[in-house]
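>>> Coordinates for the following, if possible.
(one chain, ligands or ions: 2)
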Amino acid sequence: MSPTPAEALLPTMEPFQLIDQHGIAHDDADHRMPALARLVEGYRHLVVGRRVNEQANALVRQGRLAVYPSSFGQEACEVAAAMALDDSDWLFPTYRDAVAVITRGVDPLEVFVQLRGDWHSGYDPHSHNVAPQTTPLATQLVHAAGFAHAAKLRGEKTVVLAICGDGATSEGDFHEALNFAAVFQLPVVFLVQNNGYAISVPLIRQTHAPSLAHKAIGYGMPGKRVDGNDLAALLNVLEDAVDSARRGGGPTLVEAVTYRIQSHTNADDASRYRSDDEVKPWLERDPVQRMRDYLRGAGALTDGDDAEIHAQAERVASNLRDGLNAETELDPAELFRHVYAHPTSQLAEQAAMLADELAASEDDETTPDAAQAETNQAEATS
Ligand SMILES: Cc1ncc(C[n+]2csc(CCOP(=O)(O)OP(=O)(O)O)c2C)c(N)n1
Ligand SMILES: [Mg+2]
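Ligands and ions are numbered 1, 2, ... in the order given. Below is the predicted model:
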């Protein structure tokens with residue numbers, strides 16, 4: 001019996017999977033498997049993404065980055081989110097989605113200067129159609145819905161993909177964005193990375209729904225649950241959702257079931273609220289190793305290919321290290337420069353106050369030198 005229109009919106013409880021954790025493809029799902037060349041491209045992004053996560057963690061320990069919310073173990077979600085979109089589409093990421101932004105083509109160094117505190121948003125959003133990474137939870141979902149609304153009004157074929165976490169689904173903005181997108185049938189894909197935690201708060205404290213994807217039916221949009229550590233399944237589900245949005249089919253909510261392997265950020269200690277026993281099975285579901293095993297089994301990845309991909313990842317890491325280890329010359333006046341096209345009088349006043357303070361501190365710094373110079377002069381002539 002075919003499902004009723006309401007039943008058709010419901011997700012399956014079992015997350016959709018194409019490749020299991022041992023790298024074995026499901027026979028009955030083979031016809032939905034992305035092309036091997038596309039999976040090799042995806043694997044390259046996974047390896048680079050993993051290396052970026054490792055390098056960023058190291059740069060935090062070296063004091064070169066203030067903080068890093070790692071997507072270690074979630075790289076398949078990051079890569080699939082970027083790969084599912086056309087160049088003319090738009091990505092709306094969160095603080096945890098540096099790897100998605102990099103996969104989209106943004107220079108890694110430009111992504112990370114924000115976390116060093118140099119710039120408000122290090123990259124130009126228009127260079128690769130990537131909105132700034134947002135920290136206030138779920139705000140990017142409302143921006144994404146509004147952006148998609150504008151695209152639809154203009155008759156453009158743009159699709160918007162917005163990412164959020166499981167914790168963000170408790171925000172009012174999540175509800176408003178999904179409701180608005182469904183009512184106006186906007187071309188948006190909402191990707192929830194359910195990594196089990198919102199800092200120390202587990203999913204059980206976030207929702208009483210059977211799953212996060214089940215929330216979709218309340219808005220009248222399809223909900224999909226997918227294995228968030230299976231790049232092939234993610235590409236399949238997200239590409240379908242993007243196609244549907246582009247053809248005028250409205251929004252989709254996709255819940256990717258994954259796990260936050262590391263602490264929330266370096267400022268958090270996950271061992272205070274969860275055990276190693278809980279983490280261990282997720283290490284065995286690693287998305288990078290899984291794709292590698294599948295591609296090796298399919299004869300699509302030689303030792304040479306793999307070595308070349310890892311060498312590329314090393315180059316990305318080394319450029320990031322060099323770039324972030326270079327001392328920068330920052331002009332504090334830039335803080336004010338891009339707030340308004342025409343600065344308000346208050347802003348001009350604050351800028352002048354800062355300039356005075358900086359000039360005064362420069363005077364303070366030169367005073368001891370001047371005093372020393374006088375002493376030297378006196379000694380030389382005595
Ligand atoms: C509106 C708002 N409230 C609270 C916070 C503080 N905060 C930062 S990250 C976070 C947890 C978010 O968890 P989740 O949405 O699951 O994303 P994850 O960090 O797991 O990727 C919280 C509560 C915030 N950034 N914004
Ligand atoms: Mg989370």
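
>>> Check the secondary structure at the residue lying closest to Val237 once chain neighbours are set aside for me.
Distance criterion C-beta to C-beta, 6 or more residues apart in numbering; nearest residue to Val237, sequence neighbours excluded, is Val226 at 4.6 Å. (Each C-beta comes from the backbone N, C-alpha and C, glycine too.) Assigned by DSSP: H, G, I helix; E, B strand; the rest coil, the conformation of Val226 is strand.

>>> What separation do you get for Val226 and ligand 2?
From Val226 across to ligand 2, the span is 16 Å (C-beta to the ion, to the nearest Å).

>>> Tell me how many other residues surround that residue.
28 (other C-beta atoms under 10 Å).

>>> quick one: contacts for it?
Contacts of Val226 were listed using C-beta atoms under 8 Å, 6 or more residues apart in numbering, and they are 15-17, 233-234, 237, 254-257.

>>> Just put these in TSV and tack on distance to Thr328, secondary structure and pLDDT.
Formatted as TSV, those follow (distance: C-beta to C-beta, whole Å; DSSP: H, G, I helix; E, B strand; the rest coil; pLDDT from 0 to 100):
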residue	distance to Thr328	secondary structure	pLDDT
Pro15	43	coil	97
Phe16	45	strand	96
Gln17	45	coil	96
Ala233	42	helix	97
Leu234	36	helix	98
Val237	41	helix	97
Val254	39	strand	98
Glu255	40	strand	98
Ala256	36	strand	99
Val257	40	strand	98
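
>>> Which strand residues bridge the residue in the stretch 151-300 of the chain positioned nearest to ligand 2?
At 3.6 Å from ligand 2, Gly165 is the closest residue in the stretch 151-300 of the chain, using C-beta to the ion. Taking DSSP bridges as the rule, Gly165 bridges to Gln193.

>>> State whether it and Tyr95 are indeed in contact, as I suppose.
No: applying C-beta atoms under 8 Å as the test, Gly165 and Tyr95 come out as separate, 9.4 Å apart.

>>> These two: which is more packed in?
Neighbour count, other C-beta under 10 Å: between Gly165 and Tyr95, Gly165 has more, with 25 against 18.

>>> mind listing the strands in the stretch 151-300 of the chain by residue range?
Here the stretch 151-300 of the chain has its strands, by DSSP state E, counting those that start in this stretch, at 160-165, 188-194, 197-198, 201-202, 223-227, 252-257.

>>> Which of those strands sits closest to ligand 1?
Nearest to ligand 1, of all the strands of the stretch 151-300 of the chain, is strand 160-165, at 2.2 Å by C-beta to the nearest ligand atom.

>>> what sits up against the closest one?
77, 81, 84-85, 89-94, 96-97, 100, 137-138, 140-141, 143-145, 147-148, 151, 174, 177, 186-195, 198, 238, 242.

>>> which residues does Val279 contact?
The contact partners of Val279, taken as C-beta under 8 Å, 6+ apart, are 259, 261.

>>> what do you get if the cut-off is 10 Å, keeping everything else the same?
By C-beta atoms under 10 Å, 6 or more residues apart in numbering, Val279 lies in contact with 73, 196, 259-262, 270-271.

>>> of these, buried ones?
Buried members of those, counted by 16 or more other C-beta atoms under 10 Å: 73, 196, 259-262, 270.

>>> Redo those residues as a markdown table? Include distance to ligand 1.
Listed next are the buried ones among the contacts of Val279 as a markdown table, based on distance: C-beta to the nearest ligand atom, whole Å:
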| residue | distance to ligand 1 |
| --- | --- |
| Gly73 | 11 |
| Gly196 | 8 |
| Tyr259 | 10 |
| Arg260 | 6 |
| Ile261 | 12 |
| Gln262 | 11 |
| Ala270 | 11 |
